[in-house]
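Peer 1: let's see this in three dimensions:
(one chain, ligands or ions: 2)
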Amino acid sequence: MQINNNPNSELDSSIVQVPDLVQVPEDMVNFAQQFQEIMMMYTCAIREVKTKLEVLNDELSVRNKRNPIELIKSRVKKPMSIVEKLNRKGFQITLESMINNLDDVAGIRVICSFLDDIYEVADMLVRQDDIKVVAIKDYIKNPKENGYRSYHMIIEIPVFFSDKKQSMRVEVQIRTMAMDFWASLEHQLKYKSVFDYSSEIGRQLKECADVIASTDSKMLGIRKSIENKGIELKK
Ligand code: GTP
Ligand code: MG
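Peer 2: Ligands and ions are numbered 1, 2, ... in the order given. Now for the predicted structure:
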């Protein structure tokens, strides 16, 4: 399993470091400090959830003799994306509004090997008694019209700081490598061109998503046949 994106690197201390000669209004400095502190809290929440996922992966790898998780990616939302999303949804552009209205400031993407790994990882995560599930969207059982598939959860996790315990929201997206391949390319294509999903391009993309979904099911079937023969899989 690869773990990338060191959470520490997401903390940008330069936000509140201003050259001495520059006069910065006090409220602006206060805002920057508060923003930095909140982003640090989201980064810590990501770290907590990531650790839980790593523990589960280690345990399952010993118990089932294979790794259900291929890769974990994470990010905290960039300031401009936060402002853009608040604006698009008609919310006030304040820190309080960000905390109350955005569920995906902290985001984790878990890439699994097989379809059933997704549900096993998700179930094991939400069974932990310090995790509260806020919302689940199963775009695998109910794919989006364009063919997008993924299992989405918004969870809340307590993070212990020096003087308080803070409950933090994290968006967790769980998908197979195949689903991730499609979603990544579709995301790139969406940026390069605005297209209609009822167009020929949209139809072809949906077709690719369906082929990928059927390949995921076939690969799971193959794994199960191998397991049924009692053959051990390579870790
Ligand atoms: P927003 O959070 O406002 O985007 O809407 P929502 O809360 O209904 O979000 P949803 O759970 O549907 O999707 C959230 C995230 O899933 C997005 O930010 C993307 O990362 C991913 N996602 C959802 N739909 C698509 C899609 O059609 N294509 C790709 N590539 N990613 C998607
Ligand atoms: Mg969302």
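
Peer 1: and the top strand by length along the chain, how far from the chain's centre?
Peer 2: As assigned by DSSP state E, the longest strand anywhere in the chain is strand 165-176. Computed by Cα atoms, centre = their mean, to the nearest Å, the chain-centroid distance of strand 165-176 equals 7 Å.

Peer 1: tell me the helix or strand right after that strand.
Peer 2: helix 177-192 (DSSP states H and E).

Peer 1: pull the distance from that following helix to the chain's centre.
Peer 2: Distance, centroid of helix 177-192 to centroid of chain: 15 Å (Cα atoms, centre = their mean).

Peer 1: by contact count, what packs against that helix?
Peer 2: Helix 177-192 sits against strand 106-112, helix 200-228, with contacts defined as 3 or more Cβ pairs under 8 Å, 6 or more residues apart in numbering; DSSP states H and E. For glycine as for every other residue, the C-beta is placed from the backbone atoms N, C-alpha and C.

Peer 1: give me whichever of those is most buried.
Peer 2: Highest mean neighbour count among the helices and strands packed on helix 177-192 (mean count of other Cβ atoms under 10 Å): strand 106-112, with a mean of 23.

Peer 1: which secondary structure elements does the helix or strand following that strand contact?
Peer 2: Per DSSP H and E, the first helix or strand lying C-terminal to strand 106-112 is helix 115-126. Applying 3+ Cβ pairs under 8 Å, 6+ apart, we find helix 115-126 packed against helix 26-63, strand 106-112, strand 151-160, strand 165-176, helix 200-228.

Peer 1: ok, and what's touching helix 115-126?
Peer 2: Applying Cβ atoms under 8 Å, 6 or more residues apart in numbering, the contact partners of helix 115-126 are 49, 52-53, 56-57, 60, 68-69, 110, 112, 131, 133, 140, 151, 153, 155, 172, 174-176, 216-217, 220.

Peer 1: quick one on the thing from earlier: how about the helices and strands packed on helix 115-126 in CSV, adding distance to residue 85?
Peer 2: CSV is the format used below for those (distance: least, Cβ to Cβ, whole Å):
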stretch, distance to residue 85
helix 26-63, 14
strand 106-112, 12
strand 151-160, 15
strand 165-176, 12
helix 200-228, 24
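
Peer 1: nearest to residue 97, of the ones you listed?
Peer 2: Taking Cβ to Cβ, helix 26-63 is the member of the helices and strands packed on helix 115-126 nearest to residue 97, at 11.9 Å.

Peer 1: buried ones in the closest one?
Peer 2: By 16 or more other Cβ atoms under 10 Å, the buried positions in helix 26-63 come out as 35-36, 38-50, 52-53, 56-57, 60.
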